[in-house]
Every structure is written in structure tokens, then in C-alpha cells.
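Peer 1: Build me a model from this:
(one chain, ligands or ions: 1)
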Amino acid sequence: MSTGNSTAEPLPPVRDLSALRADFPILNQAVNGHPLVYLDNAATSQKPVAVIEAMDRYYRCDNANVHRGIHELSNRATATMENSRARAARFLNAARSSEVVFTRGTTESINLVAATWGADNLRPGDQILLTEMEHHSNLVPWQLVARRTGAELVFLPVTGDEGLLDLARLDALLTPRVRLFALTHVSNTLGTVNPVAELCERARKVGAVSLVDAAQSAGHLPLDVQAIGCDFLACSGHKLCGPTGIGLLYGRQEQLEAMPPWQGGGEMISSVDFHESRWNVVPHKFEAGTPNIAGSVGLHAAFDYLDAIGRQRIFQHDQELAGYAYERLTTLSGTRVFGPRTGRSGVVSFLLDDVHAHDLVTAADQFGVALRGGHHCNQPLMRKLGVPSTARASFYFYNTRAEVDRLIEVLREIRRFFGG
Ligand code: 7TS
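Peer 2: Just a heads-up that it's a prediction; the model follows:
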């Protein structure tokens with residue numbers, strides 16, 4: 001299936017998701033003499049032909065700068081980009097296109113909110129509530145703004161290896177001193193899926209603004225910002241079959257309108273004088289300079305591609321594969337598997353005997369199996385778990401049970417090699 005537009009083709013039945021592998025040319029190669037088994041999807045997903053070709057077509061036929069010219073190509077590029085924005089709004093079920101800001105990705109989206117909303121609203125004594133499972137992208141920007149404003153960071157704990165949020169502690173921590181509750185939807189290390197709608201509602205009840213880091217969820221499960229009820233949501237295109245260098249910030253219209261601009265430059269202004277300027281309307285107020293137009297085209301194609309499959313089906317597939325991997329890993333003696341046993345996303349972190357995660361991942365690469373080893377930008381969480389790093393397998397809809405079997409086979413080899 002290669003869908004470059006929103007007219008969905010007939011869907012293959014769930015059991016045939018592996019047929020979609022044909023849409024991903026990169027998967028069909030040998031690495032170190034073995035068929036590639038790509039299990040590093042939490043870092044970045046692979047790209048289907050539909051996305052690659054849409055960007056290629058844009059550069060061949062329509063490329064020009066946006067919102068400037070009055071010539072044909074410029075008008076086409078502008079319409080293309082604004083169409084992508086409308087498509088993104090539909091993908092997130094935002095009420096309006098103007099609630100979608102194009103950014104470089106999740107990291108930039110969160111930094112934008114911290115630097116604008118945060119600097120404008122936080123005062124000494126205010127609290128920012130985060131969780132212990134946040135990626136550095138949803139931690140360090142808040143540390144920076146806390147230092148500037150005198151606000152304080154507080155953390156909702158994680159319950160050890162099982163990796164759930166300790167919701168029994170929420171009432172004590174989510175007090176009216178909390179101005180913002182920022183949390184991840186899906187943990188990139190533990191695979192935990194957090195109940196974000198319930199948590200955003202709890203935030204609202206104490207008058208706190210909420211931000212959801214959807215980097216690991218947007219391409220993996222149905223997402224509806226209105227149902228979640230968040231003020232902000234951030235995600236990256238490259239983790240959901242789209243290109244690198246583009247992502248989204250969803251912000252409720254009232255929030256975006258009340259926020260000061262972030263970067264200054266072309267496009268974000270309505271008029272400029274030598275000493276002062278007036279700002280453009282939302283969302284352009286937050287999009288200084290020439291945007292990633294080709295990226296928005298690829299992102300549009302990725303949204304169409306994923307929705308033609310159906311995110312509920314992708315979630316179901318992720319859960320089945322991760323559940324299977326979890327069970328098989330726990331049957332290997334000497335493995336420690338992190339995160340919840342059930343209801344998890346397609347991310348499984350583990351350790352094998354005394355083999356260091358980096359050695360394990362380097363050895364797996366010799367067998368063509370791409371894993372990730374390290375702290376996964378979760379250093380405080382690693383400290384809490386009492387480990388320097390973990391190995392991580394992360395799945396997407398094009399991965400198969402046979403690939404999980406191959407992973408287990410390779411891990412057995414590695415253990416033999418390291419004398420386990
Ligand atoms: N938030 C979460 C939960 C993430 O997993 C990541 C990236 C980010 C934010 C940052 O996304 P970016 O696109 O702005 O870089 N996570 C990972 C990972 O787990 N391995 O590599 C990148």
C-alpha cells in the first residue's frame with residue numbers, strides 16, 4: 001500500500017500488516033551479512049515510499065518560499081503547507097488549524113512553551129509538576145525556565161521496575177501551587193502508557209496548565225487532543241513515518257494567543273518599525289523564518305499513510321509484539337525486563353546478566369539486529385532504577401513475531417559469547 005493522499009485504499013486485514021514492509025525499501029537489506037532486523041523505532045521510524053515520493057514530487061514540481069510571493073509556485077507551496085497544517089489538525093483532532101504550530105520536533109515544541117508560556121506565567125514559589133519518567137526534552141527546558149523565574153520542579157514518582165506512575169501520590173503533589181503539569185504519554189524507556197486524559201483533568205481542577213509529550217504515542221495510538229483535554233501537546237514527524245526536522249506543537253487557541261512570540265524574524269510579524277513590531281496571528285506568530293515546507297509535505301503523506309492503516313490497529317500490533325517480546329525475554333535466564341507486563345506500548349527495555357547494554361547492542365549489530373543501548377535520555381530514571389543503562393527493542397507495525405524470535409536467538413548467542 002502506498003498512499004500519498006487521503007483517499008484511503010482498501011485495508012489489508014490485521015494479520016497482513018507485515019505486507020506493508022514492501023513500502024519500506026530500507027528494511028530490505030543485509031547488515032553485517034544478516035537480514036536487517038530494525039528494532040530502534042523509538043529513536044526514529046523508517047519512511048514509506050509514499051513519504052519519500054511526496055517530498056521528491058514537491059521539490060521536482062512545486063518548490064518555492066511560502067507566504068511571500070504572488071507567483072504560481074509560491075502560491076502552490078503556501079497552499080501545500082497550509083493543507084499539511086489542516087491535515088495535522090485532523091490527525092490530532094484539534095478544533096482549528098490555527099492551533100497547530102510547525103516546529104522542528106518535540107524538543108523544540110516543549111522549549112517553545114517553556115520559553116514563552118513559562119517565562120510569562122511562572123513566578124517564584126510556583127511549581128512545575130513533571131514525572132520521573134520524562135525524556136530530557138521534557139525536563140531540561142523546565143529546569144532552564146525554573147532557574148530564570150524562581151519556580152520549583154516537583155516529580156510524580158515511578159513505581160520501580162514495573163514502571164507505572166505512582167498515582168496515589170498525585171493528590172499530595174498536584175496542589176494549587178502547581179502552574180503546569182507536563183508529562184509523557186508513553187515512556188520511551190519503560191513502554192508505560194500513561195492515562196493522560198485523566199491526568200490533564202486533574203491538572204485542570206487545580207487550575208494548572210497541562211502539556212503532553214506525545215513523541216512516542218502520536219504515531220502509535222489514536223490521539224485526540226480534545227478528548228485528552230490538554231493545553232499543549234508536542235510530537236515529532238520522524239517517529240511516525242515522516243521526515244526529520246519537522247514536528248508539531250498543538251496549543252489551545254486561547255493559550256497560544258496569550259503567549260508572547262518566541263523567535264523573532266520574518267513571517268511572525270504583521271508590521272515592523274525601527275523600534276517596535278506587531279505580531280502576526282496565531283500560529284504564524286511562532287513560526288519565524290522560512291519553515292520546513294518539504295518536511296510538512298512528507299508529514300502530510302505520513303499522516304495519510306498511518307490513518308489508512310488505522311492507529312488502533314497499529315497500537316494493537318505494537319502491544320502484541322511487545323507483549324510477546326516481554327514474555328520471551330523473561331523466559332531467558334538472567335534477564336531483567338523493565339516496564340509494565342501488560343498494557344504497554346511497543347518499547348521493551350531489558351538487561352542481560354552482567355553484559356553491559358552497550359556491549360549487548362554492539363554484539364546484536366553484528367547479527368544485523370538494530371537495538372538501542374544507553375540511558376535513552378532518561379538519566380534520572382536510570383538512577384532511580386539503579387542501572388547506568390538498558391538495552392531497548394522498540395517495535396512498529398512493520399515488525400514481525402519472526403523478528404522477535406530472531407532477537408531472542410541473537411541474545412542467546414550473545415550470552416554464550418559473554419560466557420553466561
Ligand atoms: N520525548 C520523548 C518521550 C522521546 O522519546 C523523545 C525522543 C523526545 C521527547 C525528543 O524527540 P525529538 O524528536 O525532539 O528528538 N526519544 C528518543 C529515543 O528514545 N531514542 O532516541 C530518541
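
Peer 1: how many other residues sit next to the closest residue in space to Ser137 that isn't next to it in sequence?
Peer 2: Using CB to CB, 6 or more residues apart in numbering and skipping the chain neighbours, the partner closest in space to Ser137 is Thr107 (4.3 Å). All C-beta spots, glycine's among them, are computed from the backbone N, C-alpha and C. Thr107 sits with 21 neighbouring residues when counted by other CB atoms under 10 Å.

Peer 1: which SS class is Thr107?
Peer 2: helix (DSSP: H, G, I helix; E, B strand; the rest coil).

Peer 1: And Val212, by the same measure?
Peer 2: strand.

Peer 1: what's the answer for the one 10 residues further on, then?
Peer 2: Recorded secondary structure, Pro222: coil (three-state DSSP).

Peer 1: Quick one: residues contacting the closest residue to it other than its chain neighbours.
Peer 2: With sequence-adjacent residues excluded and distances taken as CB to CB, 6+ apart, Pro222 is closest to Arg311, at 4.6 Å. Neighbour list for Arg311: 219-223 [criterion: CB atoms under 8 Å, 6 or more residues apart in numbering].

Peer 1: Looking at the residues you listed, state which has the most neighbours.
Peer 2: Ranking these using other CB under 10 Å puts His220 first, with 30 neighbours.

Peer 1: hang on, that residue packs against Ser345?
Peer 2: Yes: the pair His220 / Ser345 is scored as a contact, 6.1 Å apart, by CB atoms under 8 Å.

Peer 1: okay, and the common contacts of those two?
Peer 2: With CB under 8 Å, 6+ apart, His220 and Ser345 have common neighbours 186, 315, 318.

Peer 1: now, among those residues, which is nearest to the ligand?
Peer 2: Taking CB to the nearest ligand atom as the measure, the ligand lies nearest Val186 of these, at 6.9 Å.

Peer 1: How about the closest one, nearest residue that isn't a chain neighbour?
Peer 2: With CB to CB, 6+ apart, the residue lying closest to Val186 is Gln216, at 3.8 Å.

Peer 1: these two touch, right, Ala114 and Trp142?
Peer 2: Yes: between Ala114 and Trp142 there is a contact under CB under 8 Å: 5.9 Å.

Peer 1: lowest confidence element among the helices and strands of this structure?
Peer 2: None of the helices or strands of the chain scores lower by mean pLDDT, DSSP states H and E than helix 379-385, at a mean of 92.

Peer 1: So which bits of that one are buried?
Peer 2: 380-382, 385 (16 or more other CB atoms under 10 Å).

Peer 1: Please apply the same query to stretch 208-222.
Peer 2: 208-221.

Peer 1: Tell me the residues of the stretch 301-420 of the chain that contact the ligand?
Peer 2: 372, 376-377 (CB under 6 Å from any ligand atom).

Peer 1: Mind checking which of those land in strands?
Peer 2: Among those, DSSP state E puts Arg372 in strands.

Peer 1: Name all residues that make contact with Ile52.
Peer 2: Gly298.

Peer 1: That one should be in a strand, yeah?
Peer 2: No: according to three-state DSSP, Ile52 belongs to no strand; its state is helix.

Peer 1: where does this structure come near the ligand, residue by residue?
Peer 2: So the chain meets the ligand at 42-43, 105-107, 135, 137-138, 184, 188, 213, 215-216, 236, 372, 376-377 (CB under 6 Å from any ligand atom).

Peer 1: Now that we have those residues, which of them are buried?
Peer 2: Buried among the residues of the chain next to the ligand (16+ other CB under 10 Å): 42, 105-107, 135, 137-138, 184, 188, 213, 215-216, 236, 372, 376-377.

Peer 1: if we can go back for a sec, export the residues of the stretch 301-420 of the chain next to the ligand to TSV and tack on pLDDT?
Peer 2: Shown next, in TSV, are those (pLDDT from 0 to 100):
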residue	pLDDT
Arg372	97
His376	92
Cys377	95
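
Peer 1: Looking at the residues of the stretch 301-420 of the chain next to the ligand, which is nearest the ligand?
Peer 2: The closest of those, once distances to the ligand are taken by CB to the nearest ligand atom, is His376, at 4.8 Å.

Peer 1: and stretch 393-404, how far out from the chain's middle?
Peer 2: When C-alpha coordinates are averaged (CA atoms, centre = their mean, to the nearest Å), stretch 393-404 and its chain have centres 18 Å apart.

Peer 1: Equivalent analysis for stretch 356-376, please.
Peer 2: That offset, for stretch 356-376, works out to 22 Å (CA atoms, centre = their mean).

Peer 1: With just CA atoms, put it into CSV.
Peer 2: What follows is stretch 356-376, C-alpha atoms only, in CSV (Å, rounded to 0.1, in the frame of the first residue of the first chain):
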residue,chain,number,x,y,z
HIS,A,356,26.8,-4.1,29.6
ALA,A,357,24.0,-2.6,27.4
HIS,A,358,26.5,-1.0,25.0
ASP,A,359,28.3,-4.4,24.6
LEU,A,360,25.0,-6.1,24.0
VAL,A,361,23.8,-3.7,21.4
THR,A,362,27.2,-3.7,19.6
ALA,A,363,27.1,-7.5,19.6
ALA,A,364,23.5,-7.6,18.3
ASP,A,365,24.5,-5.2,15.4
GLN,A,366,27.0,-7.9,14.3
PHE,A,367,23.9,-10.1,13.7
GLY,A,368,22.0,-7.3,11.9
VAL,A,369,19.8,-6.5,14.8
ALA,A,370,19.4,-2.8,15.5
LEU,A,371,18.7,-2.1,19.1
ARG,A,372,19.5,0.9,21.3
GLY,A,373,21.6,0.9,24.4
GLY,A,374,22.2,3.7,26.9
HIS,A,375,20.2,5.9,29.2
HIS,A,376,17.8,6.8,26.4
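
Peer 1: Leaving out sequence neighbours, find the closest residue to Leu249.
Peer 2: Closest to Leu249 by CB to CB, 6+ apart is Ser109, at 3.7 Å.

Peer 1: No further queries at this time; thank you.
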